[in-house]
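Asker: Here is a sequence with its predicted model. Questions after.
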Amino acid sequence: MSSNPSSASIRPSRPAPSVAWPLVGFYALLIVYASLYPFTGWRNQGIVPWAYLWAPWPKYWTGFDFLVNVAGYAPFGFLLALALMRRRSTRFAVALASLVAILLSFTMESVQSYMPARVASNVDFSLNSIGGILGATIAWICQSLGLPQRWSAARSRWFVPGSRVILVLLALWLVGLLFPTSVAFGMGQVFEQLEADVLQLLADTPFLDWLPLRKFELQPLLPLTEAAAVALGALAPCLLGCMASARRRHKIVLVLLILAAGTGISALSTALAWGPKYGWVWVTAPVMVGWPLALLGALLLAALSLPRRVYALLLVAALLLQLFWLNGASQSPYFATTLQSWEQGQFVNFYGLTRWINAGWPYAVIVFAVQRALRQSNWRFSKIDA
């Protein structure tokens, strides 16, 4: 039986997959990690885990605690409500997102009752719940103003189909930049730490003799090489942005937005570690050379409007070369000092997850870009064979 073209043409198309759902999953993971880090020292106090609900109100609390607990759950409620609104009514989405945020906060505080390094608090539970409800309410307001529909229309104009993964990777890149790095935009420098972890794991075992050991000490990057590594690290997300957009002018705007966002997040990371007045100390001489090179290279590649497969191959080459330089060099003393301030400061709960994102992001992007390049190649070959 032949299909009816006219009926197929009027069949309503399914909406494009929402970017909100992957972000909801990631943000939930972030909350779990920040709430339960460092995942050690579990013990049973002999009380019900929700006993904190009727505990006395704490005598001391700070504005920072209030801001972090409210702001920490607001994005979760916002993203979850937006994701639900695509399939459900607005009121149902807001109510369910608020309820899920409250239940998540209740669960995290209850589990903290088993951790000596954490303190379950009814204040934290209340503020987290308020944050989740506030985020869902903001999503309701945005829906009333038609902002999600405008975003969907803008996404259709600006991004090619199937670009959801790229947008999520770009969002993760910004999160990974919050973790201090030895080289600006230098994610994935894991060799030295990985070697130390393996040595510690195999200590006092016969397997230690099987491990090939370096006969030389790693040295810091030369200024020129560091500038090139900075340029490649800033160029990589720009190439991702070019893969997601089809029009030349949109590529150029995305490149500028990506570099501006990455620069701002890098300054924020430094400010969180050292204070607001030191937010720009990371802009060293290699950065002042590498960042403009990344800008010029990204604008040129965006203006050329190359095939997406070419952008993917360039992305793989840029990341492989940067990783080769970074993992063949030692980490700077500045990095060690900054890392210590993070480990001992107020942001210790976000330390673990941002570190994993920072370490794994370039490798995940390489796998993604290779897969995209191979898929484009197979598609072209299939057209030729046909």
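Answerer: Sure thing, it's come through.

Asker: in the stretch 1-150 of the chain, which spans are helices?
Answerer: Applying DSSP state H, counting those that start in this stretch to the stretch 1-150 of the chain gives helices spanning 5-10, 20-36, 63-85, 90-112, 122-144, 147-158.

Asker: Report the inter-axis angle for the last one versus helix 122-144.
Answerer: When axes from the mean of the first three to the mean of the last three CA atoms, to 10 degrees is applied, the directions of helix 147-158 and helix 122-144 differ by 60 degrees.

Asker: Select, out of the helices of the stretch 1-150 of the chain, the one closest to residue 190.
Answerer: helix 20-36 (18.5 Å; CB to CB). Glycine gets a C-beta too; all of them are placed from N, C-alpha and C.

Asker: What are the buried residues along that closest one?
Answerer: 20-24, 26-28, 30-36 (16 or more other CB atoms under 10 Å).

Asker: circling back to that earlier point, present the helices of the stretch 1-150 of the chain as TSV; the columns should include mean pLDDT and distance to residue 355.
Answerer: Shown next, in TSV, are the helices of the stretch 1-150 of the chain (pLDDT from 0 to 100; distance: least, CB to CB, whole Å):
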stretch	mean pLDDT	distance to residue 355
helix 5-10	42	50
helix 20-36	85	10
helix 63-85	86	18
helix 90-112	94	20
helix 122-144	93	23
helix 147-158	82	31
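
Asker: The ones you listed: which one's closest to residue 168?
Answerer: helix 20-36 (4.7 Å).

Asker: Distance from the chain centre to the closest one, please.
Answerer: Relative to its chain's centre, helix 20-36 lies at 10 Å (CA atoms, centre = their mean, to the nearest Å).

Asker: In terms of secondary structure, what does that helix contact?
Answerer: Packing contacts for helix 20-36, counted by 3 or more CB pairs under 8 Å, 6 or more residues apart in numbering; DSSP states H and E, involve helix 63-85, helix 90-112, helix 164-176, helix 348-385.

Asker: hmm, 6 Å instead?
Answerer: Judged by 3 or more CB pairs under 6 Å, 6 or more residues apart in numbering; DSSP states H and E, helix 20-36 is in contact with helix 63-85, helix 348-385.

Asker: Most tightly packed of those?
Answerer: helix 63-85 (a mean of 21; mean count of other CB atoms under 10 Å).

Asker: contact partners of that one?
Answerer: Contacts of helix 63-85 from elsewhere in the structure, counted by CB atoms under 6 Å, 6 or more residues apart in numbering, are 18, 20-21, 23-24, 27, 93-94, 96-97, 101, 124, 127-128, 130-132, 134-136, 138-139, 143.

Asker: Need the residues that contact the helix or strand residue 241 falls within.
Answerer: According to DSSP states H and E, residue 241 maps onto helix 223-244. With contacts defined as CB under 6 Å, 6+ apart, helix 223-244 is touched by 159, 163, 166, 170, 173, 183-186, 251, 254-255, 258, 286-287, 289-290, 293-294, 297-298, 302, 308, 311, 314-315, 318-319, 322, 325.

Asker: Can you flag the buried ones in the contacts of helix 63-85?
Answerer: 18, 20-21, 23-24, 27, 93-94, 97, 101, 124, 127-128, 130-132, 134-136, 138-139, 143.

Asker: Mind giving me the ChimeraX command for buried ones among the contacts of helix 223-244?
Answerer: A single ChimeraX command selects the buried members of those (16+ other CB under 10 Å):
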select :159,163,166,170,173,183,184,185,186,251,254,255,258,286,287,289,290,293,294,297,298,302,308,311,314,315,318,319,322,325
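
Asker: In helices, which of the contacts of helix 223-244 fall?
Answerer: Among the contacts of helix 223-244, the members falling in helices (DSSP state H) are 166, 170, 173, 251, 254-255, 258, 286-287, 289-290, 293-294, 297-298, 302, 308, 311, 314-315, 318-319, 322, 325.
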